[in-house]
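Undergrad: One predicted model, sequence on top.
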Amino acid sequence: MMARGRAAPLAMVPDATPAASEPATHRGQSEAAARAAYDARLAQSPDWPVAPGDWRGRLMRRLASPGPRYAFAGFLLFFGLWYLLTAVVVPPRFNFIPNPAYLFGQWTSKVPQYGISLFTPEYYEHIRVSVIRVYTAFVISVALGAPLGILLGWSRLGRNLLFPIVEMLRPIPPLAWVPLAVLSLSGTESAVIFVTMLASFFATVLNTYLGVRSIPETYFRAAACLGYRRLDILRRVVIPGALPFIFTGLQIAMGVAWFSLVGGELIAGRSGLGYLILDGYTQLALPNIFIGMITLGVLGWASSAVIRKIGDVLMAWHVKGRGEGA
């Protein structure tokens, strides 16, 4: 009878886990630190959205972006060149231009040599009169120009009937209308507002017309397939589709309204910033001329910035589509 053999002993299997080069906890902390640093850099990017209502975050991000630094450098270069050409190396015919140091000294003086500064009521009265005239003319031009532009762009009959007249009147300079406005309108105030309104009116009409014409034909076909009435098409297709062009036209209209205002005030006005510039010329009060010009530039820039901000709010979909969302 054969003897039953013993079972072979099991071999001891060594631990197959290799020794890690660094502890797992240390590796996890390094990865977490790297992710936190990446998130911090990403949050500082201008494309990273800011929480709604966080105006401090928006302001700090705007100041940290390259734009304000370049703008400051541009202003510094402009005023430095101005000072160089009027106080250091004065070319011929530049000796009558005040240097910026003297000009801003007069602008901020409580007792200005020529009667206009930040501390004189007359300065703010001129600003008030000009602002009222510009915004009155601007509102009238938008109320008349935007509907006319929509009509020209949407209706073939309206385009064939009215567009040639608009194109004939549009190239006429606003100042060419001053004599007719003074003779036909009662008072100088109406004449100045009318001249100011003309340039912004045609800018609004043309940009609104181009905005309507830029809407793809497929949008109108889709609206017709959905059973939209013409009023629905106007409200849901035409006006939203033309809004980007309309607001571009409104910014242009505001700018041309300001320089048309100056022309009207120079000829027919008895107050306002344009009249302040003309009075400075006749009285040889050169600082007043530059004060009026710089004030016009600041007011025009602020007006366009307000329109641009309103447009961004009303067209948030368009701003996000351009990648400019905050």
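TA: Alright, I've got the coordinates.
Undergrad: And the next helix or strand past the longest helix along the chain?
TA: Looking only at the chain and at elements set by DSSP state H, the helix with the highest residue count is helix 121-154. Using DSSP states H and E, the next helix or strand after helix 121-154 towards the C-terminus is helix 156-169.
Undergrad: returning to what we had before: would you mark the buried spots in the longest helix of the chain?
TA: 123, 126-127, 129-131, 133-134, 136-138, 140-142, 145-146, 148-154 (16 or more other Cβ atoms under 10 Å). C-betas here are computed from N, CA, C, even on glycine.
Undergrad: Find the nearest non-adjacent residue to residue 138, please.
TA: Excluding the flanking residues, the one nearest residue 138 by Cβ to Cβ, 6 or more residues apart in numbering is residue 257, at 5.3 Å.
Undergrad: and if you look at residue 271?
TA: If you skip the residues right next to it in sequence, residue 271 has residue 129 as its closest partner in space, 4.7 Å away by Cβ to Cβ, 6+ apart.
Undergrad: Just to check, that neighbour is in contact with residue 276?
TA: No: in this structure, residue 129 sits apart from residue 276 without contact. The criterion is Cβ atoms under 8 Å, and the distance is 9.8 Å.
Undergrad: Show me how far the longest helix of the chain is from its chain's centre.
TA: A distance of 17 Å separates the C-alpha centroid of helix 121-154 from that of its chain, computed with Cα atoms, centre = their mean, to the nearest Å.
Undergrad: Also stretch 156-170?
TA: On Cα atoms, centre = their mean, the centre of stretch 156-170 falls 29 Å from the chain's centre.
Undergrad: buried sites along that stretch?
TA: Buried residues in stretch 156-170, counted by 16+ other Cβ under 10 Å: 159, 163, 166.
Undergrad: got a list of what the second one touches?
TA: With contacts defined as Cβ atoms under 8 Å, 6 or more residues apart in numbering, the neighbours of residue 163 are 152, 209.
Undergrad: In the stretch 201-326 of the chain, where is pLDDT below threshold?
TA: Counting by pLDDT under 70, the ranges of the stretch 201-326 of the chain that qualify are 316-326.
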